[in-house]
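[1] fold the stuff below for me.
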Amino acid sequence: MLKQVIEMIDLLDNPQITGEKVIAVFQGVAGVTATSTTLQGNQGSTDFVKIIIEGTNGKTQGGTAPTLGIIGRLGGIAAHPSRKGLVSDADGAIGALASALKLTEMRKKEMPLEGDIIVTTHICPNAPTQPHEPVDFMGSPVEMSDMNEYEILPEMDAIISIDATKGNNIINHRGFAISPTVKEGYILRISDDLVRLMTMTTGQLAVTFPITMQDITPYGNDVYHINSILQPATATSAPVVGLALTAESAVPGCGTGANHEVDIASAVRFVLEVAKEFVQGKCKFYDSEEFSHLEKLYGKMTILQTMGKA
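    Residues are numbered from 1 along each chain as shown. Below is the predicted model:
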């Protein structure tokens with residue numbers, strides 16, 4: 001995966017990068033569809049990129065295999081002209097696009113997966129920055145609701161949300177970590193299958209990170225969020241797992257020189273193995289029977305996907 005990660009970093013590290021230039025990498029490959037949509041916000045614009053890698057038994061072919069969504073979450077890949085180069089926050093886009101690149105190369109080599117994989121992210125090389133404790137974050141020219149609208153598709157049966165999660169003092173690990181599964185307002189147990197695949201691909205014990213009820217509520221409700229990694233869970237009924245690129249120290253999201261290629265490659269390798277097994281029905285993000293039992297006992301928790309009571 002290191003090759004794909006390096007290629008994506010090289011492509012994105014350009015003040016003139018656009019969504020159209022990104023999707024050009026994926027065009028002309030049978031079974032791969034890539035599109036870019038520009039959205040204007042209050043503080044500039046960004047290009048939402050969507051790449052669909054078709055499976056042999058995927059929904060795009062009228063098949064029955066489940067679809068995995070891979071979302072690269074971030075405010076922006078850079079903050080030109082005030083900061084030169086990719087920022088730490090770009091990890092989400094790099095990881096998602098490197099995943100798409102590897103899956104596209106597998107299609108070229110006639111190694112398609114059984115189910116569809118949908119990769120979404122957005123490309124903004126001149127995003128604003130914003131204050132946050134303990135270190136500054138990257139802002140975004142568009143609203144979180146816009147990101148959810150363009151990056152989450154109803155076809156996604158499960159979602160991995162990749163996000164740089166280094167601007168905190170609670171994850172003291174260099175590499176990547178996974179969250180518990182979040183579904184319809186419930187924070188569920190960490191998936192045994194994802195733990196198994198993480199230990200296999202890294203050759204190390206699995207690393208997880210804590211989340212709170214605040215983290216799975218929508219932005220804009222005046223409560224603290226660790227970052228945007230689990231915001232997709234506010235806009236879908238599909239199970240969502242956060243894949244955090246992490247550091248031992250607190251790193252500003254707007255800091256440059258902080259994209260660790262080897263760490264991102266390790267995360268992407270994990271994502272690829274999850275994709276292979278999920279579309280075959282061999283990797284479960286949550287226990288559906290236990291989830292149904294929870295809802296019978298305690299009712300729906302979907303209010304946590306909303307802005308709450310007035």
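
[2] so what's the residue lying closest to Ala258 once chain neighbours are set aside up against?
    Computed as CB to CB, 6 or more residues apart in numbering, the closest residue to Ala258 that is not its neighbour in sequence is Ser88, at 3.9 Å. For the C-beta atoms, the positions are set from N, CA and C on the backbone; glycine is no exception. Residues in contact with Ser88 (CB atoms under 8 Å, 6 or more residues apart in numbering) are 164, 166-167, 251-256, 258-259.

[3] does Asp91 touch Glu261 like I think?
    No. The criterion here is CB atoms under 8 Å, and Asp91 misses it with Glu261 at 10.2 Å.

[4] which of those two has more neighbours?
    Asp91 (33 against 15; other CB atoms under 10 Å).

[5] got the phi and psi for the more buried one?
    phi -50, psi -40 (degrees, to the nearest 10).

[6] can you confirm Ala275 is in a strand?
    No. Counting by DSSP: H, G, I helix; E, B strand; the rest coil, Ala275 is not found in a strand; it is helix.

[7] what is the burial count for it?
    24.

[8] what is the nearest of the contacts of Ser88 to Leu304?
    Taking CB to CB as the measure, Gly167 is the one of the contacts of Ser88 closest to Leu304, at 23.1 Å.

[9] pretty sure that closest one is touching Asn227, no?
    Yes. In this structure Gly167 lies within contact range of Asn227 using CB under 8 Å: 6.7 Å.

[10] what do these two both touch?
    137, 253.

[11] across the sheet, point out what pairs with Leu86.
    Ala78 (DSSP bridges).

[12] that one and Met8, how far apart?
    Separation of Leu86 from Met8 (CB to CB, to the nearest Å) stands at 10 Å.

[13] now do Leu243
    16 Å.

[14] of the two, who's got more company?
    Legend: neighbour count by other CB under 10 Å for Leu243 and Met8, higher for Leu243 (30 against 25).

[15] part of a strand, is that one?
    Yes. Using three-state DSSP, the secondary structure at Leu243 is a strand.

[16] how far away is it from Ala235?
    From Leu243 to Ala235 the distance is 18 Å (CB to CB).

[17] again, but for Ile70
    Taking CB to CB, one finds Ile70 at 16 Å from Ala235.

[18] give me the more crowded residue out of those two.
    Comparing Ile70 with Ala235 by other CB under 10 Å, the one with more neighbours is Ile70, at 29 against 18.

[19] which of the three states applies to that one?
    strand.

[20] who touches it in this structure?
    96, 99-100, 117-120, 159-160, 162, 271, 275.

[21] okay, and the beta partners of it?
    Val119, Ile160.

[22] for it, give me the pLDDT.
    We have a pLDDT of 98 for Ile70.

[23] tell me the spacing between it and Lys3.
    18 Å.

[24] over to Lys109?
    Counting by CB to CB - Lys109 and Lys3 are separated by 14 Å.

[25] quick one: which of the two has more around it?
    Lys3 (12 against 8).

[26] for the helix or strand encompassing the more buried one, give me every contacting residue.
    Take DSSP states H and E as the rule and Lys3 turns out to sit in helix 2-12. By CB under 8 Å, 6+ apart, the residues outside helix 2-12 that reach it are 17, 21-22, 25, 77-78, 86, 90, 93-95, 97-99, 101-102, 105, 123, 125, 259, 261-262, 264-265, 268.

[27] report the contact partners of Ala24.
    So Ala24 contacts nothing (CB under 8 Å, 6+ apart).

[28] go again with 10 Å.
    Contact partners of Ala24, counting by CB atoms under 10 Å, 6 or more residues apart in numbering, are 11, 18, 34, 36.

[29] closest to Asp192 among those?
    Closest to Asp192, out of all of the contacts of Ala24 and judged by CB to CB, is Ala34, at 33.8 Å.

[30] what is the neighbour count of the closest one?
    22.

[31] how about it, phi and psi?
    Dihedral angles (degrees, to the nearest 10) for Ala34: phi -130, psi 130.

[32] quick one: residues contacting it.
    19-20, 22-28, 49-53, 100, 104, 119.

[33] repeat that for Val262.
    1-2, 5, 174-175.

[34] buried subset of those, written for ChimeraX?
    Buried subset of the contacts of Val262, written as a ChimeraX selection, criterion 16 or more other CB atoms under 10 Å:
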select :1,5,175
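
[35] biggest separation within the contacts of Val262, which pair?
    Every pair of these checked by CB to CB; the farthest is Met1 and Arg174, at 17.3 Å.

[36] since that was my last question, I'll sign off now.
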